[in-house]
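please work out how this folds:
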Amino acid sequence: MTAAAHADEYSYSYTFSGNFYPYDRSSAGHTVSGTFDGNASGNLITGISNATVNLDGSPLITGTVYAEGITDDIISGPAWADGAAVVSFDGTQNDFGFSDTDYAATSNFNKLFRGLGPPVTLGQSYYEIYNSSGMQGMTDYVDLYYPPYFVTPNGIWTVTDLSTQSVPDAASTLPLLGGALAGLAALRRRFAR
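Below you'll find the model as predicted:
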């Protein structure tokens, strides 16, 4: 019997370049950021949970964030599915939607940030923030890379594993602290004379 894999915590960010239409740069410079838990294997991170989503440093989605991905069922075709979200370190294989509602179950949401890569969208990379209000919807920011029609590269995508960032351990910190205290005591004695 093997132990379950331990999920690491990751931070992510995407800065829009404003390239959905060559003449529309309204989304340029806006940044979506947050964290999530997941299990990395090579370029891919799966088992996405505990996601947060911020826009320009303020919460875009509050409360529970649902992490879903697109699956391609032979009978019913592509559909959003719970537990299918995939994040890639380089952004080329992203397949995720972070929303405030279980879209796979209800086909409804109020706010959504999604990132899709070529395996899902046939060569197209796509990032979008979407706000929905009843039957009326408004896409706030969209970046699209789909040669030959939209050839400007997408914005800046980064993922960082927060669990691997170095934290000093007690075995290396205590001797340094002890040496510093001894040095301060010696200086105090010297100036006291």
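
what about the protein, any weak spots by pLDDT?
1-5, 20-24, 73-77, 119-124, 133-138, 146-153, 165-193 (pLDDT under 70).

what ranges do the helices span in it?
103-106, 118-121, 170-192 (DSSP state H).

number of nearby residues for residue 8?
15 (other CB atoms under 10 Å). Using the backbone N, CA and C atoms, a C-beta is placed for each residue, glycine as well.

before we move on, what about residue 50?
Around residue 50 there are 14 residues (other CB under 10 Å).

look up how far residue 62 lies from it.
14 Å (CB to CB, to the nearest Å).

quick one, strands of this structure?
Ranges of strands within the chain are 8-15, 31-41, 44-49, 53-55, 58-61, 66-73, 77-82, 87-88, 95-99, 111-116, 125-133, 136-145, 156-161, based on DSSP state E.

quick one: closest of those to residue 105.
Closest to residue 105 of the strands of the chain is strand 77-82 (CB to CB; 7.4 Å).

between the closest one and strand 95-99, how many degrees?
Counting by axes from the mean of the first three to the mean of the last three CA atoms, to 10 degrees, strand 77-82 lies at 50 degrees to strand 95-99.

which elements pack onto strand 77-82?
Counting contacts by 3 or more CB pairs under 8 Å, 6 or more residues apart in numbering; DSSP states H and E, strand 77-82 is packed against strand 66-73, helix 103-106.

and the contacts of the last one?
Taking CB atoms under 8 Å, 6 or more residues apart in numbering as the criterion, the residues outside helix 103-106 that touch it are 66, 68, 79, 80, 81, 82, 97, 109, 112.

so in terms of bridging, what pairs with the fourth one?
Spelled out, that is residue 80. residue 70 (DSSP bridges).

next, count neighbours for it.
21.

which residues touch it?
Counted by CB under 8 Å, 6+ apart, residue 80 has contacts 68, 69, 70, 71, 97, 103, 104.

go on, the fifth one?
With contact taken as CB under 8 Å, 6+ apart, residue 81 is in contact with 68, 69, 70, 71, 104.

and for the first one, the neighbour number?
By that I understand residue 68. 25.

do the same with residue 58
Neighbours of residue 58 (other CB under 10 Å): 6.

so it versus residue 99, what's the distance?
Relative to residue 99, and taking CB to CB, residue 58 is found at 17 Å.

now residue 47
In terms of CB to CB, residue 47 sits 18 Å off from residue 99.

kindly report the same for residue 140.
From residue 140 to residue 99 the distance is 14 Å (CB to CB).

neighbour-wise, which of the two wins?
residue 99 (27 against 17).
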